[in-house]
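Visitor: what shape does this take:
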Amino acid sequence: MTDATITPRVALITGASRGIGREIAWALAGRGFSLFLAAEGTPAELDEAVAECRRRGAPDAASGIVDLAAAGAAEAMVAAALARLGRVDVLVNNAGIRCRKAFGGFTRADFDGVVAVNLAAAFFASQAVLPAMRAQGGGRIIHIASQMGSVAAEENALYGLTKAGLIHLTRNMAFELAREGIQVNSVSPGPIATRFNLDTWGRQPGKLETMAGRVPAGRMGEAWEVAEAVAFLATAAGSYIQGHDLLVDGGYVIH
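Guide: Predicted coordinates for the structure are as follows:
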């Protein structure tokens with residue numbers, strides 16, 4: 001699919017009020033995408049993100065507060081984006097939550113909550129957007145997974161499970177949908193210096209240094225670096241990539 005086949009270009013991004021999701025929105029705005037930003041954040045956060053998208057070149061931008069853990073929320077979100085912007089050419093399933101516990105300590109509520117946001121929401125949003133993409137003659141679906149979907153780590157059994165599930169979902173969707181002009185890929189960030197991560201790890205003495213030390217590149221990544229990978233997959237530059245998990249991790253998984 002070339003850029004010409006996705007003009008006007010519209011992207012729907014979940015978890016777009018802060019961190020990696022917001023950077024993805026800004027990167028696509030700078031490439032001329034109109035945007036629908038969905039998040040569980042505050043109206044003020046979303047309004048600020050929308051305003052910045054317009055400043056960076058988005059022809060149009062809108063937002064909606066969405067609790068993706070709720071049944072039917074993903075489908076309603078897609079319907080709202082289509083009603084507001086008329087089409088969805090790129091769906092970026094970025095929203096995600098963590099629940100860190102040693103294996104053996106997870107509750108059913110922990111499991112259901114993380115699976116609902118990290119995996120089920122992406123699954124059902126992707127299904128919901130298919131009729132529009134088919135009618136348009138194609139589209140792009142990009143899941144934001146994690147390097148933790150490929151490696152093991154302490155207290156990450158549940159989070160890693162959902163991210164590994166996203167990577168498999170990417171491959172299976174790509175296999176089924178490729179002949180309909182729908183490209184499906186995932187991006188797996190490594191340790192990224194988002195405000196959330198810096199605040200969380202910064203409360204543990206030496207944690208930031210430890211995380212950076214595990215990365216062969218010798219540093220944590222930046223959210224914009226993940227956003228640029230997503231933009232690559234969302235535009236003509238990534239037109240022959242299908243079913244791929246693009247690691248943006250500074251080499252984390254190779255050690």
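Visitor: ok, and the closest non-adjacent residue to Glu45?
Guide: In space, and not counting its chain neighbours, Glu45 is closest to Ser17: 4.1 Å by CB to CB, 6 or more residues apart in numbering. Glycine gets a C-beta too; all of them are placed from N, C-alpha and C.
Visitor: surely that neighbour touches Ala49?
Guide: Yes: checked against CB atoms under 8 Å, the pair Ser17 and Ala49 is within contact range at 5.8 Å.
Visitor: common neighbours of these two, please.
Guide: Leu37 (CB atoms under 8 Å, 6 or more residues apart in numbering).
Visitor: follow-up on the earlier one: let me see the contact set for the residue nearest to Glu45.
Guide: Contact analysis of Ser17 by CB under 8 Å, 6+ apart lists 37, 39-42, 45-46, 49.
Visitor: now with 6 Å?
Guide: Residues in contact with Ser17, defined by CB atoms under 6 Å, 6 or more residues apart in numbering, are 39, 41, 45-46, 49.
Visitor: could those residues be laid out in JSON lines, adding secondary structure and distance to Ser146?
Guide: Below are these laid out as JSON lines (DSSP: H, G, I helix; E, B strand; the rest coil; distance: CB to CB, whole Å):
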{"residue": "Ala39", "secondary structure": "strand", "distance to Ser146": "18"}
{"residue": "Gly41", "secondary structure": "coil", "distance to Ser146": "20"}
{"residue": "Glu45", "secondary structure": "helix", "distance to Ser146": "23"}
{"residue": "Leu46", "secondary structure": "helix", "distance to Ser146": "24"}
{"residue": "Ala49", "secondary structure": "helix", "distance to Ser146": "22"}
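Visitor: now the residue nearest the centre of the chain: how far from Ala109?
Guide: For the chain, the residue nearest the mean C-alpha position is Asn94 (2.1 Å; CA atoms, centre = their mean). For Asn94, the distance to Ala109 equals 23 Å [CB to CB, to the nearest Å].
Visitor: tally of neighbours for His143?
Guide: 29 (other CB atoms under 10 Å).
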